[in-house]
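1. Mind folding the following:
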Amino acid sequence: MNSIIIIAGFSGAGKDFVARYIEEAYGAHFVVSTTTRPKRPYEEEANPYYFVTDVEFKKMQSNKEFIEVRTYDTTVDNVPARWYYGVTKNEVKDDKLTVVVLDVVGTLEFLEAFGDRCEVIFIKAFDSVRKERCIARGDYNEPEFTRRLEDDCNKFPDDIVNQITDFVVWNNRSKTALELEMDCVMEELCIE
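-> Alright, predicted model coming up:
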């Protein structure tokens, strides 16, 4: 069975960019998660998520279609909201290199389900860089960004990150530099 590359990290650190790079450069299958989060204007179905209602998500969950499920508490127009994310069992391929973006809980659940098939790459970036990226993608909100910074620290405690991570990549540079670093990481993982 082929490896599963797990990309984890803080919001705005560049996880999706890294995962898409691995998909394109190494022919990996990119796992599309299912979410109840509203679609952003520039997004479409299956890119970057399958978008479903809360009712549809809960039905899928009760049918045990998910490998892992996580919740994300946020605010929308200063109103608390809860979004659900999950990866369905049919998204992981045994016959192909797979890349998936997860949080710590999802990573732990994947490690439990797939064990040694998993390689974990944790993406970090300075807060100022993360803020610039959120502004650039059009969803920046100062109170929400501050809340996300705190939430990331709570969801990604250093001791857990150090236990589950094979590689830490700092994504504060150009895309080209990040691609070169990812090529080095993939070479160390013996993935060509």
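2. all helices for this structure, in order.
-> Listed in chain order, the helices of the chain (DSSP state H) span 15-26, 54-62, 104-114, 127-136, 142-155, 158-164, 175-188.
3. Quick check: buried residues in the last one?
-> Across helix 175-188, burial judged by 16 or more other C-beta atoms under 10 Å covers 178-179, 181-182, 185-186. Heads up, the C-betas are built off the backbone N, CA and C, glycines and all.
4. any idea which of those is closest to Val18?
-> The shortest approach to Val18 among the buried residues of helix 175-188 belongs to Met182, at 6.1 Å (C-beta to C-beta).
5. returning to that earlier point: can you tell me which of the buried residues of helix 175-188 is nearest Asp77?
-> Ranked by distance to Asp77 (C-beta to C-beta), the buried residues of helix 175-188 are led by Leu178 at 33.3 Å.
6. give me every residue that touches that closest one.
-> For Leu178, the contact set (C-beta atoms under 8 Å, 6 or more residues apart in numbering) comprises 14, 17-18, 21, 169, 171.
7. try it again with 10 Å
-> 14, 17-18, 21, 123, 169-172 (C-beta atoms under 10 Å, 6 or more residues apart in numbering).
8. Can you spell out which residues form a bridge with the residue nearest to the spatial centre of the chain?
-> When C-alpha atoms, centre = their mean is applied to the chain, the residue found nearest the centroid is Val101 (2.6 Å). Using DSSP bridges, the bridge partners assigned to Val101 are Ile7.
9. from what I can see Glu65 touches Gly86, true?
-> Yes - contact criterion C-beta atoms under 10 Å: Glu65 and Gly86 qualify, at 7.9 Å.
10. any low-confidence regions in this protein?
-> By pLDDT under 70, the weakly predicted segments of the chain are 192.
11. and the gap between Ala81 and Thr146?
-> Separation of Ala81 from Thr146 (C-beta to C-beta, to the nearest Å) stands at 17 Å.
12. now do Ala177
-> Here the criterion is C-beta to C-beta. By it, Ala177 lies 28 Å from Thr146.
13. what does Asn172 give?
-> Distance of Asn172 to Thr146, given as C-beta to C-beta: 20 Å.
14. before we move on, what about Val87?
-> Separation of Val87 from Thr146 (C-beta to C-beta) stands at 29 Å.
15. Looking at the two, which has the bigger crowd around it?
-> Val87 (24 against 12; other C-beta atoms under 10 Å).
16. ok, that one - contacts?
-> Going by C-beta under 10 Å, 6+ apart, Val87 touches 31-34, 65-70, 100-102, 106, 109-110, 113.
17. so what's it bridging to?
-> Note on Val87: beta-bridge partners by DSSP bridges are Glu68.
18. From Thr107, how far out is it?
-> In this view, Val87 and Thr107 are 11 Å apart by C-beta to C-beta.
19. anything in contact with each of the two?
-> 68, 70, 100-101.
20. hang on, isn't Gln53 packed against Thr36?
-> I think there's a mix-up here, since residue 53 is Thr and not Gln. Yes - assessed by C-beta under 10 Å, Thr53 is found in contact with Thr36 at 6.6 Å.
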